[in-house]
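Peer 1: I need the structure of the sequence given here:
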Amino acid sequence: MLDRITEIFVEIDDFCKQFFIEWEEYLLSQGKRKEPPGPACGLSESKIMTIIILHHSGRFKYFKNFYEGIVLGLLKKHFPGAPCYDRFIAIVHKVIIPMSFFMISKTKQSKRTGIYYIDSTQLPVCHNLRGKRHKVFKGLAAKGKTSTGWFFGLKLHLVFNDEFEIVAVMLTRGNVSDTTPVPQLTKNLIGKLFGDKGYIGKKLTEILLSRGLQLMTRVRKNMKSLPMSFTDKMLLNTRNMAETVIGHIKAFSSLNLPKHRSAINAFVNICAAIIAYLFNPIQKQHLQKISYQLLIS
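Peer 2: Now for the predicted structure:
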């Protein structure tokens, strides 16, 4: 997305200008912002956000290589006054609030089509054996289990529409059940919601149905299959594409949480990875081609 850097920055900058005007009204009148130690940064919050989002959209494995090679080199004219790498890392936490709200505003721009897919993915923060002595995410991460096995970390819950745009996102501890955040994630959605067997639950189904959202999942071996139209069966079969989208997000961005030494900086990067996908969502035709190639391979 380096060719769209101006377009991305303008959208982020317009949001930040309006956001900080409203945000200042909620701050204490006699309070003062605590600036990080060290010399003043030559980048605004909107430029810091743009740099991090660009990193997650360009298949760069290491942020240091991206920052020193691309930002301080190729894009130097776009970011005059950019500090050194160490100083930039020290000020990343400044954008956690605007980055979070910008991510929420972008998800609200996604179309409400009436057909939605829900899924979750694990975000390990360290090896399972080091979970008890892990310090960076202490009190935030937990040991959980998914279909691929045990892990120690966080869970990212996502809801897509049938055009595979993200309409809702939530981050929880690793031991939180997939069904727990569903009511909050889907509170403004009406139509049909397709998920895997991990979302089976009579109480959850009744809660969603009372709000106009019908939950549909595959059944387990010891359960009777419910009557379902041919169209709904086809839509349920395409639910696997949600896993393809999540795999695309994790592969295309750099969601490597164990490398972070600050939980806040890690959360900033998670938000940036979601925003990077929202700026350039995978196309439905391309996604169907990927799924077909996986089937025949």
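Peer 1: Could you list the domains of this structure?
Peer 2: Residue ranges for each domain of the chain read 2-105, 110-296, as given by automatic domain parsing.
Peer 1: Can you list the residue ranges for helices in the stretch 51-200 of the chain?
Peer 2: Under the criterion DSSP state H, counting those that start in this stretch, helices of the stretch 51-200 of the chain are mapped to 63-66, 85-91, 96-108, 182-185.
Peer 1: closest to Thr172 out of these?
Peer 2: Closest approach to Thr172 among these (CB to CB): helix 182-185, 10.2 Å. Backbone N, C-alpha and C define where each C-beta goes, glycine included.
Peer 1: buried residues in the longest helix seen in the chain?
Peer 2: Ordering each helix of the chain by length in residues (DSSP state H) puts helix 5-24 first. When burial is assessed from 16 or more other CB atoms under 10 Å, helix 5-24 yields the following buried residues: 5, 8-9, 11-13, 15-16, 19.
Peer 1: Mind giving me the packing neighbours of that helix?
Peer 2: helix 45-55, helix 96-108 (3 or more CB pairs under 8 Å, 6 or more residues apart in numbering; DSSP states H and E).
Peer 1: Looking at those helices, spot the one closest to Trp23.
Peer 2: Closest among the helices and strands packed on helix 5-24, using CB to CB: helix 96-108, at 7.2 Å.
Peer 1: Can you tell me what sits against the closest one?
Peer 2: Under the contact criterion CB atoms under 8 Å, 6 or more residues apart in numbering, helix 96-108 has outside partners 12, 15-16, 19-20, 23, 45, 49, 52, 166-169, 264, 267-268, 271-272, 274-275, 278-279.
Peer 1: how about 7 Å then?
Peer 2: 12, 15-16, 19, 45, 49, 166-169, 264, 267-268, 271-272, 274-275, 278 (CB atoms under 7 Å, 6 or more residues apart in numbering).
Peer 1: Pretty sure Thr113 sits against Phe160.
Peer 2: No - between Thr113 and Phe160 there is no contact under CB atoms under 7 Å: 9.8 Å.
Peer 1: neighbour-wise, which of these two wins?
Peer 2: Relative neighbour count places Phe160 above the other of Thr113 and Phe160, with 24 against 15, counting by other CB atoms under 10 Å.
Peer 1: gap between that one and Trp150?
Peer 2: Note on Phe160: its distance to Trp150, by CB to CB, to the nearest Å, is 26 Å.
Peer 1: Show me where the stretch 101-250 of the chain dips below the pLDDT cut-off.
Peer 2: Within the stretch 101-250 of the chain, the stretches with pLDDT under 70 are 221-227.
Peer 1: show me the contacts for Tyr116.
Peer 2: For Tyr116, the contacting residues are 159-161, 167, 189, 191, 193, taking CB under 7 Å, 6+ apart as the criterion.
Peer 1: farthest pair in the residues you listed?
Peer 2: Within the contacts of Tyr116, two members stand farthest from each other by CB to CB: Phe160 and Gly191, at 12.7 Å.
Peer 1: Count the residues that sit near the spatially closest residue to Gly191 that is not a sequence neighbour.
Peer 2: Distances taken as CB to CB, 6 or more residues apart in numbering place Gly114 nearest to Gly191, at 3.1 Å, with adjacent residues excluded. As a burial measure, the neighbour count of Gly114 was computed by other CB under 10 Å and equals 14.
Peer 1: picking up where we left off before, would a markdown table of the helices of the stretch 51-200 of the chain with distance to Val245 be doable?
Peer 2: As requested, those are exported to a markdown table (distance: least, CB to CB, whole Å):
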| stretch | distance to Val245 |
| --- | --- |
| helix 63-66 | 23 |
| helix 85-91 | 29 |
| helix 96-108 | 14 |
| helix 182-185 | 16 |
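Peer 1: Quick one: closest of those to Pro124.
Peer 2: Ranked by CB to CB, the member of those that lies closest to Pro124 is helix 63-66, at 18.5 Å.
Peer 1: buried sites along that closest one?
Peer 2: The neighbour-count criterion (16+ other CB under 10 Å) identifies 63, 66 as the buried residues of helix 63-66.
Peer 1: Just give me how far that helix sits from the chain centre.
Peer 2: With CA atoms, centre = their mean, to the nearest Å as the basis, the distance from the averaged C-alpha position of helix 63-66 to the chain average is 21 Å.
Peer 1: That helix packs against which elements?
Peer 2: Counting contacts by 3 or more CB pairs under 7 Å, 6 or more residues apart in numbering; DSSP states H and E, there are no secondary-structure elements packed against helix 63-66.
Peer 1: Which residues does it contact?
Peer 2: With CB under 7 Å, 6+ apart as the test, helix 63-66 has contacts from 55, 60, 85, 254.
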